[in-house]
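>>> next input, structure requested:
(one chain, ligands or ions: 1)
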Amino acid sequence: MNNIIITIDGYSACGKSTLAKQLAKKLGYVYVDSGAMYRAVTLHFLRNHIDCTNTAEVISTLNNITIEFKFNDHAQQSEIYLNDENVEYLIRNLVIAEKVSEVASIKEVRSFAVAQQQKIGEKKGIVMDGRDIGTTVFPNAELKIFMIADITVRSERRFVELFNKNPNITIEEVESNLEMRDYTDSNREISPLRKAVDAIEIDNTFLSIDQQLDIATQLTTEKLQ
Ligand code: DC
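Numbering: from 1, shown residues only. Below is the predicted model of the structure:
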C-alpha cells in the first residue's frame with residue numbers, strides 16, 4: 001500500500017494535534033507538529049530579544065537555529081529540539097502563545113519552517129498539522145482535513161491543558177489568546193490560515209476524541225483504496 005500525506009489544518013485549539021497523533025499512530029505514519037516549529041523559533045527570539053521588524057537580525061538568527069524532531073521512546077512521542085535542547089514542554093505556555101502568531105507571520109520565518117516541513121514530507125507516510133499545510137506546504141497532499149470547533153469549547157479544552165501547568169491562568173485569557181491568534185493567522189499576508197478547496201471539514205464541537213478518529217480513519221481508508 002502506498003504511503004500518503006495527510007494534512008490537518010484549522011483554528012487554534014481545535015484538537016488538530018490530538019487527531020494527528022492518533023491517526024499517525026494508527027497508520028504507522030510519522031506525526032509532525034508544524035506549530036511546534038513556530039513556537040520553538042518564538043522561544044529563541046524571546047530569549048535573545050530579537051527584533052521581529054529587523055529583517056537582517058531575523059535572517060542571521062534563523063541561520064543559527066537548528067530545529068529537529070526526535071522520537072522519545074519513553075514518552076512514545078516525537079519531541080522538538082531547538083539547537084539540541086528539548087523544548088517540547090517549554091513552548092506550550094501562554095507567553096509563547098502571545099507572541100507566536102507575530103513571529104509566524106514573518107516571511108523569512110515561514111520560508112525557514114516550510115522548507116524543513118517539505119523535506120520531512122519527502123518520503124510521505126506523514127500526518128502534519130498546522131495552518132497552511134494543505135494550502136502551501138503540501139498542496140498536492142492526498143488527504144486534507146480542516147478542523148473547526150466552537151470557540152467556547154476550544155477555550156475550555158485549552159484552559160484545562162494550561163491550568164495544569166499554571167493555576168493562575170483564566171479562561172478569559174485563554175479565549176482572548178485563541179481569538180487573537182485566529183485573527184492574526186487568518187489575516188497575515190503570507191500563507192494565511194485557509195481551508196484548502198479540496199479539504200474535508202470536520203467540526204468536532206460535539207464529537208468525542210474516538211469519534212473524530214473514526215471519521216479521519218474512514219477518510220484515510222477511502223483515499224488508500
Ligand atoms: O498549532 P499551534 O497552536 O501550536 O501553532 C502555534 C502558532 O504557530 C499558530 O498560532 C500559528 C503558527 N502556525 C503557522 O503559522 N503555521 C503553521 N503551519 C502552524 C502554526
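>>> residue ranges with poor pLDDT in this protein?
1 (pLDDT under 70).
>>> got the residues of the chain near the ligand?
12, 34-35, 38-39, 100-101, 104, 130-133, 181, 185 (CB under 6 Å from any ligand atom). Any C-beta I mention is one placed from the backbone N, CA and C, and that applies to glycine too.
>>> turn those into a markdown table, columns for neighbour count and secondary structure.
Converted to a markdown table, the residues of the chain next to the ligand look like this (neighbours: other CB atoms under 10 Å; DSSP: H, G, I helix; E, B strand; the rest coil):
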| residue | neighbour count | secondary structure |
| --- | --- | --- |
| 12 | 23 | coil |
| 34 | 26 | helix |
| 35 | 21 | helix |
| 38 | 27 | helix |
| 39 | 25 | helix |
| 100 | 25 | helix |
| 101 | 23 | helix |
| 104 | 26 | helix |
| 130 | 30 | strand |
| 131 | 27 | coil |
| 132 | 25 | coil |
| 133 | 31 | helix |
| 181 | 21 | helix |
| 185 | 23 | helix |
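>>> residue boundaries of the helices in this structure?
16-27, 34-47, 55-63, 94-104, 107-120, 151-163, 171-187, 209-224 (DSSP state H).
>>> return the alpha-carbon coordinates of the fourth one using PDB.
Extracted as PDB, the C-alpha positions of helix 94-104 are listed here (Å, rounded to 0.1, in the frame of the first residue of the first chain):
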ATOM      1  CA  LEU A  94       0.700  31.500  27.200                       C
ATOM      2  CA  VAL A  95       3.900  33.600  27.000                       C
ATOM      3  CA  ILE A  96       4.800  31.800  23.700                       C
ATOM      4  CA  ALA A  97       1.200  31.700  22.600                       C
ATOM      5  CA  GLU A  98       1.000  35.500  22.900                       C
ATOM      6  CA  LYS A  99       4.000  36.100  20.600                       C
ATOM      7  CA  VAL A 100       3.900  33.100  18.200                       C
ATOM      8  CA  SER A 101       1.500  34.500  15.600                       C
ATOM      9  CA  GLU A 102       3.600  37.600  15.200                       C
ATOM     10  CA  VAL A 103       6.700  35.500  14.700                       C
ATOM     11  CA  ALA A 104       4.900  33.100  12.300                       C
END
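>>> list the buried ones in that helix?
The neighbour-count check on helix 94-104 (16 or more other CB atoms under 10 Å) flags 94, 96, 97, 98, 99, 100, 101, 102, 103, 104 as buried.
>>> with the shortest one instead?
Along helix 55-63, these residues count as buried under the neighbour rule (16+ other CB under 10 Å): 58, 61, 62.
>>> residues in contact with that helix?
Helix 55-63 is touched from outside by 41, 44, 45, 48, 50, 51, 52, 106, 108, 109, 112, with contacts defined as CB atoms under 8 Å, 6 or more residues apart in numbering.
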